[in-house]
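Asks: When you get a sec, could you give me coordinates for this:
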Amino acid sequence: MKNPFIDKNDDWEIIKAVRLDIKKPEHGVRELFDLILSGHGQVGVLDGKIVYIPSKDYHIYYMNTSSSVIRMTDGHGEPMSNEMKLALLEDWQYWENEVLSLIIAKMNNALSKVTSKERIIYLESKIIKLNRSKIIEKYTISKWTFYQIIAKIDKRIIHEFKLYSDKRDENALEFIIKTFQKYDTITKESPCQEFIENTLACRELIKTLYTVD
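Replies: Residues are numbered from 1 along each chain as shown. The predicted structure follows:
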């Protein structure tokens, strides 16, 4: 039987896919929010924060209503006892609550670094799922400002979860070198060659590319 709850590794699978360059960081952010909204607890917004009230007994409801629970077997193919079923479902739900609590804590930490208005606009889009045009009208902002807010907070969440490719340093270094080589071609000089070869200086510059304002 497939686990009906969020698995303890589901958040890591999203993060890993981004770090392996399979998904873009923005896709990772979207999937983390989808994960939050797919849980069996109550999710809402209060004072510019994501609030999560975990369900303590959904596993009991699921056991009493799901036909697939009836077919659950033990490791030997024998019908699983009700006690074992309940214990397994309780464990699955426990991990769902743990995963969601951790994700939301990290989300709220990222959100704490922006203004109250920005937090509300972002969460009404991501959690409440309010239509973009309604948000723009409600807060009297332009479409451009709306997208700026979304991008700004996405960037903070990306930073909080380290949702970036493991190749980021390599890609950043390549960008820096190409930029300086282009400059050298234009000026017909090589004043930056020493800097390009200076690994420590390159690493320091790479860090600035991923600094969150």
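Asks: And the strands in the protein?
Replies: 42-46, 49-53 (DSSP state E).
Asks: longest helix of the chain?
Replies: The single longest helix within the chain, with elements called by DSSP state H, is helix 82-111.
Asks: where in the protein is pLDDT low?
Replies: Counting by pLDDT under 70, the ranges of the chain that qualify are 1, 168-173, 176, 179-213.
Asks: in it, which spans are helices?
Replies: Counting by DSSP H, the chain has helices at residues 10-19, 25-37, 58-65, 67-70, 82-111, 116-126, 132-139, 143-161, 168-187, 193-197, 199-209.
Asks: among those helices, which is nearest residue 2?
Replies: For those, proximity to residue 2 was assessed by C-beta to C-beta; helix 67-70 is nearest, at 8.0 Å. Placement of C-beta: from N, CA and C, glycine included.
Asks: and the closest one, how far out from the chain's middle?
Replies: Distance of helix 67-70 from the chain centroid (C-alpha atoms, centre = their mean, to the nearest Å) equals 32 Å.
Asks: How about residues contacting it?
Replies: With contact meaning C-beta atoms under 8 Å, 6 or more residues apart in numbering, helix 67-70 is reached by 1, 62, 63, 85, 89.
Asks: top of those residues by neighbour count?
Replies: Ranked by the number of neighbours (other C-beta atoms under 10 Å), these place residue 89 first, at 23 neighbours.
Asks: How much space separates the closest residue in space to residue 21 that isn't next to it in sequence from residue 15?
Replies: Take residue 21 and drop its neighbours on the chain: the residue closest to it by C-beta to C-beta, 6 or more residues apart in numbering is residue 165, 4.5 Å away. Residue 165 sits 11 Å away from residue 15, going by C-beta to C-beta, to the nearest Å.
Asks: and what of residue 84?
Replies: Plainly put, residue 84 is 32 Å away from residue 15 if you go by C-beta to C-beta.
Asks: Which one's more surrounded, the two?
Replies: A count of neighbours by other C-beta under 10 Å puts residue 15 above the other of residue 84 and residue 15, at 17 against 13.
Asks: wait, that one sits on residue 28?
Replies: Yes - when contacts are counted by C-beta atoms under 8 Å, residue 15 is listed as touching residue 28 (6.6 Å).
Asks: list residues touching both of those two?
Replies: Common neighbours of residue 15 and residue 28, counting by C-beta under 8 Å, 6+ apart, are 161, 163.
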